[in-house]
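> Give me coordinates for this.
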Amino acid sequence: MSLKDTETDRDNKIISFEEVVKAKGEAEPIFSKGLYHWIMFVISFYTRVRETLKIDFESFIVLQVVVSHSLYQLNKTGSKSYSEIKEHVELLSKVKLKKNLKLTFASISDVIQLPRETVRRKVLELCKKDILKFNSENGIKLGPAYKTIYKEFVTQTTMDMSVLVKKWKHSGALDKLLELEKNNE
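Residues are numbered from 1 along each chain as shown. A predicted model of the protein is given here:
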């Protein structure tokens, strides 16, 4: 699908952003500004993963699957604030999970569509850095070094995301993005 084919009209025909802009009487499309800010965010994020965490991006994605699994378990007792998650990061690695709830190489492989052996190697590398912990009884969990990542990397990412959304709001791209969501419901 091309960038032009992104919205539908009343008859569910695909129409271009340019047609939407003309129909709404706007002077110029703002899609490129929003896209530029998004791309710069992604580039910065990618660079920070490599430079700050000193891991490759695939390892980072493996880590994110473990984080999402941990957050899923944590959210079972209700939503948490940033500070509450910070307090629970250590506890997440200590909690013993039921056999069917533990995270395995195979489950991570299935989620991110990487070969199981690649996932195994990435997890073991992250274990060497204490970012993850693994044993056959409890599966794959966050390790003690994740606390530092949460404190520093997650904080910076949250700030960068805030800057991105503010840029989108200032340029009008955020409103357009939200309108697209409304039109596709």
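
> confidence score at the residue nearest to residue 52 when sequence neighbours are not counted?
Nearest residue to residue 52, sequence neighbours excluded (CB to CB, 6 or more residues apart in numbering): residue 153, at 5.9 Å. No exception for glycine: its C-beta is placed from N, CA and C like everyone else's. The confidence metric pLDDT takes the value 91 at residue 153.

> One more: residue 85?
Here the pLDDT value assigned to residue 85 is 82.

> Would you mind measuring from it to residue 172?
Applying CB to CB, to the nearest Å, the value for residue 85 to residue 172 is 33 Å.

> And residue 37, by the same measure?
According to CB to CB, residue 37 stands 12 Å off from residue 172.

> Tell me which of these two has more neighbours.
Between residue 37 and residue 172, counted using other CB atoms under 10 Å, residue 37 has the larger neighbour count: 19 against 14.

> check contacts around that one.
The contact partners of residue 37, by CB atoms under 8 Å, 6 or more residues apart in numbering, come to 164, 167-168, 171, 173.

> so of the residues you listed, which ones are in helices?
Residues of the contacts of residue 37 located in helices (DSSP state H): 164, 167-168, 171, 173.

> who wins for most neighbours among those?
The most crowded member of the ones in helices among the contacts of residue 37, judged by other CB under 10 Å, is residue 173 (23 neighbours).

> Which residue, other than its chain neighbours, is closest to it?
Once flanking residues are discounted, residue 173 sits nearest to residue 34: 2.9 Å by CB to CB, 6+ apart.
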